[in-house]
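In: Below is the sequence, then the predicted model.
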Amino acid sequence: MELNCRHVWARISDYIDESVSAELRAEIERHLEHCEICAAILDSTRNILVLTADDRTFELPVGYSERLHERLAAELGGGAEPANE
Amino acid sequence: MATAASGRNETELIARIVAGERELFHELIRPYERMAYLTALAIVRNPTDAEEAAQDGLVNAYRHLAKFRGEAKFSTWLLTIVVNEARQKLRRAKRAREESLEETLLGGDREASPAPLTDWREIPSEALERKELREALRAAVSELPAAYREVFTLRDIEGLNVRETAAALGVNENIVKVRLHRARMMLQKRLVPVLKSATPARKGFWGRMPWS
């Protein structure tokens, strides 16, 4: 089967996650070799995933960890034992 | 992500906390602080509510720790509690203007076409030193429909696998895959023009955009 661009887009996420069959993977790769548009879409999508997963993109609020552990300390010090009901 | 070795260590930590060494709870949840916050943020969308939901969730996890039986991974169990906390918060605040998933699913363009770009040059991670780029990425994720944003956050930002994401959000694995695909395609479409303009102009750098 000859894959067209739409077929490739529909499976691009599975391809990135390596959850396509070996056969489909080979077909997608054959398509990517001669289709610079799909190749660029794949690269840009991967690039976006790298950038959004970078810790600098989604930073924790300043003091988040300190406030969290203060609150936990209050709970651990004052509260009951972890409930077992 | 927690490894098998840290899994064993966690089981031991949990047993000791439940047996009375309460202080160890700080250590137990330290690896998941970021995950708890980002998960809550994906649901409630504002930093103050997200912090509160993450705190409430982690306090609840402590209170119910003895109920953790190890059927699920500890991280998944913990996230489920944070997810519930954040969702309750959202309902209480009546901020749940449910973005209609139905609408997105049924509305015309079934598979959104990605933004074409023939000469994509990678935006290097160093570019994240620039505030505008970080803001553009955050805004694009934040504006995804809720159901897509949650899946994208757990899978692609926090690095959970499909099964863990499905368990934490209470949906099936197939739904996770479909939503993730759509989220990624929406982000690609939305961000390509932004990233282009965020990159210093260089002749021929971005190439032509045949379908624009």
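Out: Received, thanks.

In: just the helices in chain B please.
Out: B:4-18, B:24-29, B:33-44, B:47-63, B:74-92, B:101-106, B:131-142, B:146-152, B:162-169, B:173-198 (DSSP state H).

In: Same question for chain A.
Out: A:5-16, A:22-34, A:36-53, A:64-78.

In: quick revisit: in JSON lines, list the helices of chain B along with distance to chain A.
Out: All C-beta atoms are positioned from the backbone trio N, CA, C, and that covers glycine. Formatted as JSON lines, the helices of chain B follow (distance: least, Cβ to the nearest Cβ, whole Å):
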{"stretch": "helix B:4-18", "distance to chain A": "5"}
{"stretch": "helix B:24-29", "distance to chain A": "6"}
{"stretch": "helix B:33-44", "distance to chain A": "6"}
{"stretch": "helix B:47-63", "distance to chain A": "5"}
{"stretch": "helix B:74-92", "distance to chain A": "12"}
{"stretch": "helix B:101-106", "distance to chain A": "15"}
{"stretch": "helix B:131-142", "distance to chain A": "5"}
{"stretch": "helix B:146-152", "distance to chain A": "8"}
{"stretch": "helix B:162-169", "distance to chain A": "8"}
{"stretch": "helix B:173-198", "distance to chain A": "4"}
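
In: Out of the ones you listed, flag the one nearest A:R46.
Out: helix B:173-198 (9.6 Å; Cβ to Cβ).

In: least reliable of the helices of chain B going by mean pLDDT?
Out: Between those, the lowest average pLDDT goes to helix B:101-106, which shows a mean of 49.

In: Distance of B:A42 relative to A:D55?
Out: Remark: distance between B:A42 and A:D55 (Cβ to Cβ, to the nearest Å) = 16 Å.

In: Between these two, point out the one with more neighbours.
Out: For B:A42 versus A:D55, neighbours defined as other Cβ atoms under 10 Å in any protein chain shown are more numerous around B:A42 (26 against 10).

In: Quick check: closest non-adjacent residue to the most centrally placed residue in chain A.
Out: The C-alpha lying nearest the average C-alpha coordinate of chain A belongs to A:L49 (Cα atoms, centre = their mean; 5.9 Å). Excluding its sequence neighbours, the residue lying closest to A:L49 (Cβ to Cβ, 6 or more residues apart in numbering or on different chains) is B:D156, at 5.5 Å.
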